[in-house]
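J.: what would the 3D arrangement of this be:
(one chain, ligands or ions: 1)
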Amino acid sequence: MANSFDNFIAGEWINGESYLENRSPSDTSDLIGLYAQASRKHLETALQAAREAAKLTRDIPLETRQNALAQIGRELVSRAGELGTLLSREEGKPLAEGQAEVKRAGQFFDYYAAEVLRQEGIAIDSVRPGVEIEARHEPMGVVAVISPWNFPAATASWKIAPALAFGNAVIWKPASQTPATAHALAEIISRAGLPAGAFQLLMGSGGEIGDALASHAGVNAISFTGSVATGRRIAAAAAQNLTRIQLELGSKNAVLVADDADLSLALEACLAGAYSGSGQKCTASSRILVDRAVHDEFVARLAERVAALRVGHALDKETQVGPVVSAGQLAANLAWMEKIRASDAKVLCGGDALKLKHDGHYMSPALVAESRNDMDFNREELFAPIAAVQKTDSYEEGIAVVNDTDTGLVAAIFTASLARARHFQRHAETGCVSVNLPTAGTDYHVPFGGRKNSSLGAREQGRAAVQFYTQTKTTYSRAG
Ligand code: NAP
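T.: Modelled structure (predicted):
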């Protein structure tokens, strides 16, 4: 019998009314555990506890808060090997990626532990003689965090850590695909000495508990990362209560390989950007635009490398690309491959379901060539190990294609020209730009987010987080 894991509500571990089976996408016979599903009643209890806790969290002495976050960060970093293995087992990314993610999650807590001591306001002279003005940050109150499965530890941590650092109470609804990582992270946070209700874990279905949480007037701010479709629903629900929202959504990121690019550098970046995490990244390089002058050589070399990628069990050290997250995701990816094969584009390699030693959701990484930007697979986010190449005639055409999309998280350019790189940096319609670097892979102490349909609201990460997790109070005072 598999172990069962409960929700953390009002400082207690609370049974679910039902439990969800969590199986490894690398091997569906591997049952990781049974995870409690929260009910509406649990949600109401959690909201009530969060309201009470928010009255306390705002006044927790700074060093106590700082120590709590630092303790969580230290434990995550020191247990990155063990917890990264659990993450890879349930999500399917190769072990090294899972372990690096848990370490990164710890770094977010570590970073925001220090940020606790930088609660800076401003003092401003008044236009009225004898009046002093101060503008200070105060917590929002109750913050709902709704996170996706593809970075189950890091995404949640870059929201939970600043929310707690700035004195809020947090209710976390993690993705249903990755409850084991969520539970492990919650267990660590539960021991940090925060007041009951300051941090709560509500595992449960997005359509029910996620929707009820996002629609509740008792929530003061919602930070969400996930698909554009769910983001729209959350925005509509939040609008009814005028709740502050921060949405980080999907993207259709492009890499532009210019005629003067270092092709070896660009090749490694495309491989990592398109296929790590099985392409299930909001920063994935799904459109690869290659200048005519270097196109044939680059594409031939890239196809050879993609075809050689070793697909396997996430915990096998030889694995370079793990399974995709679920049977549903695999079916959707294979359906895209059928559409691609029926189009004018050419599949150079991959795109097939794989039967391996273990019964998991495996497919061979696909590289598509001779594609155009108006093809549906170049417009919609696939979230799959599938990348499509487009041939471009000039840098000017290339950047126009980069920007010809509804989303705008990251764009990358490979070029030896500083002038082009600078032009690209200024004219790419994205929140993040990479020059001679992959689209995927960001630092934790600087702002992260996109433009167009990729993001809404204040930026995440680094010092930018203060904008979302606090509200400004302006005080006017006269001495005597
Ligand atoms: P998703 O289906 O939108 O789910 C994300 C989260 O929202 C999950 O916790 C989900 O719960 C919950 N949810 C689902 N329906 C909801 C509703 N009606 N109301 C409230 N919550 C609801 O996305 P996903 O498939 O997990 O993640 C993949 C997407 O995330 C991709 O589009 C990717 O680009 C995006 N992403 C963006 C970033 C970024 O920073 N821009 C980073 C990572 C991922 P359940 O799991 O229970 O359904």
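J.: give me the pLDDT for residue 119.
T.: As predicted, residue 119 sits at a pLDDT of 88.
J.: which stretches of the chain form helices?
T.: Along the chain, the segments classed as helices by DSSP state H run 40-57, 62-78, 80-91, 95-115, 154-165, 179-190, 211-215, 228-241, 263-275, 292-308, 327-341, 395-403, 418-427, 466-469.
J.: to residue 28, which of the ones you listed lies closest?
T.: helix 327-341 (8.1 Å; C-beta to C-beta). From N, CA and C alone the C-beta is placed, and that goes for glycine too.
J.: tell me the buried residues in the closest one?
T.: The neighbour-count check on helix 327-341 (16 or more other C-beta atoms under 10 Å) flags 329-330, 333, 336-337, 340 as buried.
J.: returning to that earlier point: so which of the helices of the chain gets nearest residue 4?
T.: Checking those against residue 4 by C-beta to C-beta gives helix 179-190 as the closest, at 10.2 Å.
J.: residue of the stretch 251-400 of the chain nearest the ligand, please.
T.: Using C-beta to the nearest ligand atom, the closest approach of the stretch 251-400 of the chain to the ligand is made by residue 282 at 3.1 Å.
J.: ramachandran angles for that residue?
T.: Torsion angles at residue 282 (phi, psi; degrees, to the nearest 10) stand at phi -70, psi -20.
J.: give the contact list for it.
T.: Shown in contact with residue 282 (C-beta atoms under 8 Å, 6 or more residues apart in numbering): 150, 225, 248-251, 409, 454.
J.: let's see that with 6 Å instead.
T.: 250-251, 409 (C-beta atoms under 6 Å, 6 or more residues apart in numbering).
J.: over to residue 373?
T.: Per C-beta under 6 Å, 6+ apart, neighbours of residue 373: 401, 404.
J.: model confidence score at the spatially most central residue of the chain, please.
T.: Centroid-nearest residue in the chain, with C-alpha atoms, centre = their mean: residue 155, separated by 4.4 Å. For residue 155, the pLDDT comes out at 98.
J.: that one reaches residue 225, doesn't it?
T.: Yes: Residue 155 lies in contact with residue 225 (C-beta atoms under 6 Å); the separation is 5.0 Å.
J.: so which of the contacts of residue 282 also contact the ligand?
T.: Contacts with the ligand are made by 250, 409 out of the contacts of residue 282, judged by C-beta under 6 Å from any ligand atom.
J.: wait, which of the contacts of residue 282 is closest to residue 209?
T.: Of all those, residue 209 sits closest to residue 250, with 22.1 Å by C-beta to C-beta.
J.: so what's that closest one closest to, chain neighbours aside?
T.: For residue 250, ignoring the flanking residues on the chain, the nearest one in space by C-beta to C-beta, 6 or more residues apart in numbering is residue 381 at 4.0 Å.
J.: so how far is residue 96 from that neighbour?
T.: Note on residue 381: its distance to residue 96, by C-beta to C-beta, to the nearest Å, is 25 Å.
J.: what does residue 345 give?
T.: Using C-beta to C-beta, residue 345 is found at 32 Å from residue 96.
J.: residues contacting stretch 12-28, please?
T.: For stretch 12-28, the surrounding residues in contact (C-beta under 6 Å, 6+ apart) are 4, 6-7, 30-37, 39, 89-90, 92, 179-180, 313-314, 323, 325, 358-361.
J.: could you do stretch 193-200 as well?
T.: 8-11, 46, 49-50, 52-53, 56-57, 68, 169-171, 189.
J.: ok, so of these, who is nearest the ligand?
T.: residue 171 (12.2 Å).
J.: so that closest one bridges to which residues?
T.: residue 144, residue 200 (DSSP bridges).
J.: among the helices of the chain, which comes closest to residue 372?
T.: Across the helices of the chain, residue 372 has its closest neighbour in helix 395-403 (9.2 Å, C-beta to C-beta).
J.: CA atoms only for that closest one, dumped as CSV, please.
T.: Output of helix 395-403 as CSV, limited to C-alpha atoms (Å, rounded to 0.1, in the frame of the first residue of the first chain):
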residue,chain,number,x,y,z
TYR,A,395,18.4,39.8,-39.9
GLU,A,396,15.6,42.2,-40.6
GLU,A,397,13.3,39.4,-41.6
GLY,A,398,14.4,37.3,-38.7
ILE,A,399,13.5,39.9,-36.0
ALA,A,400,10.2,40.5,-37.7
VAL,A,401,9.4,36.8,-37.4
VAL,A,402,10.7,36.7,-33.8
ASN,A,403,8.1,39.4,-33.0
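J.: so that it lines up with my notes, have the first residue be 36 from now on.
T.: Fine by me, first position is 36 from now on; the one you just mentioned is helix 430-438.
J.: list the buried residues in that helix.
T.: In helix 430-438, counting by 16+ other C-beta under 10 Å, buried: 430, 432-434, 436-438.
J.: wait, residue 223 sits on residue 112?
T.: No: using C-beta under 6 Å as the test, residue 223 is too far from residue 112 to be in contact (11.1 Å).
J.: surely residue 207 is in contact with residue 244?
T.: No: if you go by C-beta under 6 Å, residue 207 and residue 244 don't touch, sitting 11.1 Å apart.
J.: so between the two, which is more surrounded?
T.: Neighbour count, other C-beta atoms under 10 Å: between residue 207 and residue 244, residue 207 has more, with 27 against 24.
J.: how far away is that one from residue 59?
T.: Computed as C-beta to C-beta, the residue 207 to residue 59 distance reads 23 Å.
J.: again with residue 405
T.: Using C-beta to C-beta, one gets 37 Å for the distance from residue 405 to residue 59.
J.: who's more crowded, these two?
T.: Set residue 405 next to residue 59 and count neighbours by other C-beta under 10 Å: residue 59 wins out with 24 against 15.
J.: which residues does that one bridge with?
T.: Here residue 59, judged by DSSP bridges, has bridge partners residue 62.
J.: quick revisit: looking at residue 416 and residue 131, which is more packed in?
T.: Each of residue 416 and residue 131 has its neighbours counted (other C-beta under 10 Å); residue 416 has more, 22 against 14.
J.: got the contact list for residue 467?
T.: Shown in contact with residue 467 (C-beta under 6 Å, 6+ apart): residue 445.
J.: the residue nearest to residue 285 touches residue 288, doesn't it?
T.: No: using C-beta under 6 Å, residue 416 makes no contact with residue 288, being 9.1 Å away.
J.: picking that back up, export the contacts of residue 317 as CSV, with columns for pLDDT.
T.: Listed next are those as CSV, based on pLDDT from 0 to 100:
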residue, pLDDT
285, 94
286, 97
444, 98
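J.: give me the buried subset of the contacts of residue 317.
T.: For these, buried by 16+ other C-beta under 10 Å: 285-286, 444.
J.: now, which of those residues sits nearest residue 141?
T.: residue 444 (24.2 Å).
J.: contact partners for that closest one?
T.: 286, 288, 317, 466, 485, 489.
J.: can you report how many residues neighbour residue 124?
T.: Around residue 124 there are 23 other residues, counting by other C-beta under 10 Å.
J.: quick check: the residue lying closest to it once chain neighbours are set aside vs the ligand, distance?
T.: Distances taken as C-beta to C-beta, 6+ apart put residue 59 closest to residue 124, at 5.1 Å, once the chain neighbours are dropped. According to C-beta to the nearest ligand atom, to the nearest Å, residue 59 and the ligand sit 17 Å apart.
J.: in stretch 403-416, what's buried?
T.: So, applying 16+ other C-beta under 10 Å, buried residues of stretch 403-416: 403-404, 406, 408, 410, 412-413, 415-416.
J.: of these, which pair is most distant in space?
T.: Of all pairs drawn from the buried residues of stretch 403-416, the greatest distance, 20.0 Å, lies between 404 and 416 (C-beta to C-beta).
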